[in-house]
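Novice: Got a predicted model here, sequence first, then my questions.
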Amino acid sequence: MTLLEIEIFKGTAETAGKLRGRYPFLKTVDAIQLAAALEVGAGVFLTNDVKLQQFNELKVLTLKNYL
């Protein structure tokens, strides 16, 4: 198994921490991904995780709605 190391910038980590505080259902990895999406100005976030539709700071689409 190969591990991939990705640098998380301080601003992204801080945003992710704030998101976890506002949305207790978020796992750390979800918060990091959503923080990164917000920081780049993404219009939508595509996922298989339906519970992320509770996140209201970005439009969240689930694949099951489109397959």
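Specialist: Nice, thanks for sending it over.
Novice: Next, work out how far apart residue 43 and residue 28 are.
Specialist: From residue 43 across to residue 28, the span is 24 Å (Cβ to Cβ, to the nearest Å). C-beta coordinates here come from the backbone N, C-alpha and C atoms, glycine included.
Novice: Name the residue in those two with the higher neighbour count.
Specialist: Applying other Cβ atoms under 10 Å to residue 43 and residue 28 shows that residue 28 carries more neighbours, namely 12 against 7.
Novice: The more buried one contacts residue 12, doesn't it?
Specialist: No: using Cβ atoms under 8 Å, residue 28 is not in contact with residue 12; the gap is 12.0 Å.
Novice: For residue 32, give me its contacts.
Specialist: The contact partners of residue 32, by Cβ atoms under 8 Å, 6 or more residues apart in numbering, come to 8, 12, 13, 16.
Novice: By neighbour count, which of the residues you listed wins?
Specialist: residue 16 (23 neighbours).
Novice: Which helix or which strand is home to that residue?
Specialist: Residue 16 belongs to helix 10-22 when assigned by DSSP states H and E.
Novice: how about that helix: buried residues?
Specialist: 12, 15, 16, 19, 20 (16 or more other Cβ atoms under 10 Å).
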